[in-house]
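# Give me the fold of what follows.
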Amino acid sequence: MRRPDILIDEPRPTLSRALTRLAEDWTEPRISVAQMLTALGDRGLIGLLLILALFNVIPNPPGTSAVLGLPMLYLSWQMMHGQMPWLPQFLAGRSFDIAHFRALVTRAMPYLNRVERLLRPRLSPFSSPAAMKVLGSVCLVLSAVLILPIPLGNLLPAAAIAIIALGALERDGAWILGGVVFGIATIIFLASTIVILIAALLRLLG
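As a prediction, this is how the structure comes out:
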């Protein structure tokens, strides 16, 4: 008698694999924020926040952070309130050239693959639903800082959000905590820089 096949559930694909498939399979010339949100499924909110943060970490034309910062603000606000990912049309309709998206994915994959090998579920209180709301408020402040017209002021807040998002995706409390500490340090550093620049300007003006 033939033995019936045993069905084995496939492991949940990593974010790097999901992004690679999305970049490879997308056939349209542009991909919108809403389309990325849908394609990422249950990773939608935090996964999209990570993608937008990564766009700000790499060099981009001036003004990009202001454009990408608005969806990040809104996603952080939803995360803070524990809501399902949803964007109004004027944000959901923002789109990116697919070649630019593929270039970002290709550039990010070696680093993301290495990071994913370090991530694992731990320090579970930092990834609880209540903690996610607190993390949403942290990301909201960092997104607001990211939008400000500060030279290179988008890189550090975006990196902090990316670290938090990576930890949240894999329920890794150690990475979440590290991202929050880095984010607080970033805010203090940028605030100090602004104060110093204003003080120097005031001295020049007498």
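
# Name the helix or strand of the protein that has the lowest mean pLDDT.
Taking mean pLDDT, DSSP states H and E as the measure, the chain has helix 89-92 as its least confident helix or strand, at a mean of 74.

# hey, C-alpha coordinates of the helix or strand containing Ser16 in PDB?
Element membership of Ser16, judged by DSSP states H and E, is helix 15-25. Output of helix 15-25 as PDB, limited to C-alpha atoms (Å, rounded to 0.1, in the frame of the first residue of the first chain):
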ATOM      1  CA  LEU A  15      12.000  39.500   5.100                       C
ATOM      2  CA  SER A  16      15.000  39.400   2.800                       C
ATOM      3  CA  ARG A  17      13.500  36.500   0.800                       C
ATOM      4  CA  ALA A  18      10.100  38.300   0.700                       C
ATOM      5  CA  LEU A  19      11.700  41.500  -0.600                       C
ATOM      6  CA  THR A  20      13.800  39.600  -3.200                       C
ATOM      7  CA  ARG A  21      10.700  37.900  -4.500                       C
ATOM      8  CA  LEU A  22       8.800  41.200  -4.700                       C
ATOM      9  CA  ALA A  23      11.700  42.900  -6.600                       C
ATOM     10  CA  GLU A  24      12.100  40.000  -9.000                       C
ATOM     11  CA  ASP A  25       8.400  39.300  -9.700                       C
END
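
# Mind listing what's buried along it?
Residues Leu15, Ser16, Ala18, Leu19, Thr20, Leu22, Ala23 are the ones in helix 15-25 that count as buried (16 or more other Cβ atoms under 10 Å). Backbone N, C-alpha and C define where each C-beta goes, glycine included.

# The least confident helix or strand of the chain: what's the following helix or strand?
Per DSSP H and E, the helix or strand that comes after helix 89-92 is strand 95-97.

# Within the sheet, what are the partner strands of that next one, with directions?
Sheet pairing for strand 95-97, assigned by DSSP bridges, gives strand 30-32 (antiparallel).

# Run through the neighbouring helices and strands of whichever helix or strand comes after the strand it pairs with.
Next helix or strand after strand 30-32 toward the C-terminus (DSSP H and E): helix 33-39. Helices and strands touching helix 33-39, by 3 or more Cβ pairs under 8 Å, 6 or more residues apart in numbering; DSSP states H and E, are helix 15-25, helix 44-57, helix 89-92.

# How about helix 33-39, which residues are buried there?
Buried positions in helix 33-39, judged by neighbour count with 16+ other Cβ under 10 Å: Val33, Ala34, Gln35, Met36, Leu37, Ala39.

# Other residues contacting that helix?
For helix 33-39, the external contacting residues (Cβ atoms under 8 Å, 6 or more residues apart in numbering) are 18, 22, 44-45, 48, 51, 71, 85, 87, 91-95.

# So what's the gap between that helix and the chain middle?
With Cα atoms, centre = their mean, to the nearest Å as the basis, helix 33-39 stands 14 Å off its chain's centre.

# can you check stretch 118-138 too?
The answer for stretch 118-138 is 14 Å, by Cα atoms, centre = their mean.
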